[in-house]
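Peer 1: Structure, please.
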Amino acid sequence: MTELAKQTKKPTSIRGILSSPKMKDQFAKAIPEHIKAETFVRVCLTALTRTPKLMECTQESLFKCMMDLASNGLMPDGRNAHLIPFKNHKTNQIECQLIIDYKGLVELVRRSGEVSNIHCDKVCENDLFEVNAGKLIEHRINYKASRGNPYAYYCIMDMKDGSQKLEVMTKDEVESIRKRSKASGSGPWVSDFDEMAKKTVFRRASKWVSLSPEIRNVIDIDDKQYKNITPKFNIPEVQSENEELALPDLDEKEKETYITTINAQTAKDDLSDFWRSIPADFKADNDVKAAYLAMAEKFMGN
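Peer 2: Prediction:
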């Protein structure tokens with residue numbers, strides 16, 4: 001091979017493509033001015049070293065996650081965002097999953113200009129914690145003694161107009177969200193559960209903030225890590241009774257559990273969140289769908 005051919009040969013490895021001038025140029029066009037493309041590429045290369053299995057991901061999924069980060073001014077540094085490899089059993093390929101950390105989302109929401117302060121924390125068995133009518137009355141921690149196990153997480157947003165927004169979630173509620181994540185058994189859900197729990201309650205609290213389309217897009221990207229995500233509180237279309245359904249056999253005990261849980265919901269947001277967690281096969285079942293529709297209509301009538 002001639003020297004000229006060696007110089008013009010295109011890189012094919014993930015590291016080679018990532019380090020190429022062409023890729024750096026693409027990042028430079030997408031990334032905000034306060035971050036240098038060289039710095040972004042260096043952090044991405046470090047992420048590959050820290051998680052070698054990322055090298056097995058499809059290049060399309062990996063570089064898409066990186067470009068999503070670049071366009072929103074975040075980096076996969078393990079603090080603001082994570083690149084997580086997972087097995088797509090439908091395609092039988094390893095794909096990259098972007099998980100934006102709690103701190104990354106906080107940074108983006110602060111850019112909205114509406115929020116003056118954000119505080120998220122966990123509540124443990126030995127803490128003094130009191131909430132009344134949507135207001136945090138007290139959260140006192142004795143750092144000289146063991147706090148015990150966490151049982152809840154909360155987020156407080158102080159708005160620039162003087163108002164305050166509070167969101168509280170139990171650990172069980174957070175767990176139900178974790179189980180819907182494609183990366184529920186790896187990455188930050190395993191190594192940094194508390195941070196992911198704070199992110200979960202913060203995401204719910206962020207609905208109170210008017211976000212720019214760009215920032216809302218980041219949250220939508222983060223939504224994609226969860227299974228069976230459907231538009232918030234959209235009532236599914238009901239198929240005609242005359243239409244034959246080619247459904248697999250369902251576990252009747254599990255089906256009954258879903259129906260019972262649907263009927264036990266006390267708020268439309270909780271119903272909507274639970275509906276998203278139900279596997280598609282059960283969503284298509286007429287009994288499960290009928291239970292959901294009945295509760296949805298009940299809340300919409302209130």
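
Peer 1: any chance you could map the strands in the stretch 101-250 of the chain?
Peer 2: 115-124, 128-132, 135-140, 150-159, 164-170 (DSSP state E, counting those that start in this stretch).

Peer 1: Please identify which of these is closest to G78.
Peer 2: With CB to CB as the criterion, G78 lies closest to strand 115-124 of the strands of the stretch 101-250 of the chain, at 18.1 Å. For every residue, glycine as well, the C-beta is placed using N, CA and C.

Peer 1: what packs against that closest one?
Peer 2: If you count contacts as 3 or more CB pairs under 8 Å, 6 or more residues apart in numbering; DSSP states H and E, strand 115-124 packs onto helix 102-110, strand 150-159, helix 193-205.

Peer 1: can you list the ones you listed in a markdown table and add mean pLDDT and distance to M55?
Peer 2: Shown next, in a markdown table, are the helices and strands packed on strand 115-124 (pLDDT from 0 to 100; distance: least, CB to CB, whole Å):
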| stretch | mean pLDDT | distance to M55 |
| --- | --- | --- |
| helix 102-110 | 80 | 23 |
| strand 150-159 | 94 | 34 |
| helix 193-205 | 89 | 25 |
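
Peer 1: Output those in CSV; the columns should cover mean neighbour count and distance to E297.
Peer 2: Shown next, in CSV, are the helices and strands packed on strand 115-124 (neighbours: other CB atoms under 10 Å; distance: least, CB to CB, whole Å):
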stretch, mean neighbour count, distance to E297
helix 102-110, 21, 33
strand 150-159, 19, 31
helix 193-205, 21, 24
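
Peer 1: Any idea which of these gets closest to P85?
Peer 2: Closest to P85 of the helices and strands packed on strand 115-124, according to CB to CB: helix 193-205, at 17.3 Å.

Peer 1: List of residues touching the closest one?
Peer 2: By CB atoms under 8 Å, 6 or more residues apart in numbering, the surrounding residues in contact with helix 193-205 are 100-103, 105-106, 118, 120-122, 150, 153-157, 165-169, 171, 174, 177-178, 188-189, 219, 222.

Peer 1: Doesn't L69 belong to a helix?
Peer 2: Yes: counting by DSSP: H, G, I helix; E, B strand; the rest coil, L69 is found in a helix.

Peer 1: Comparing the strands of the stretch 101-250 of the chain, which stretch has the densest surroundings?
Peer 2: strand 150-159 (a mean of 19; mean count of other CB atoms under 10 Å).

Peer 1: what distance separates the start and the end of stretch 272-289?
Peer 2: In stretch 272-289, first residue to last residue: 13 Å (CA to CA, to the nearest Å).

Peer 1: wait, I meant stretch 90-107
Peer 2: By CA to CA, one end of stretch 90-107 lies 35 Å from the other end.
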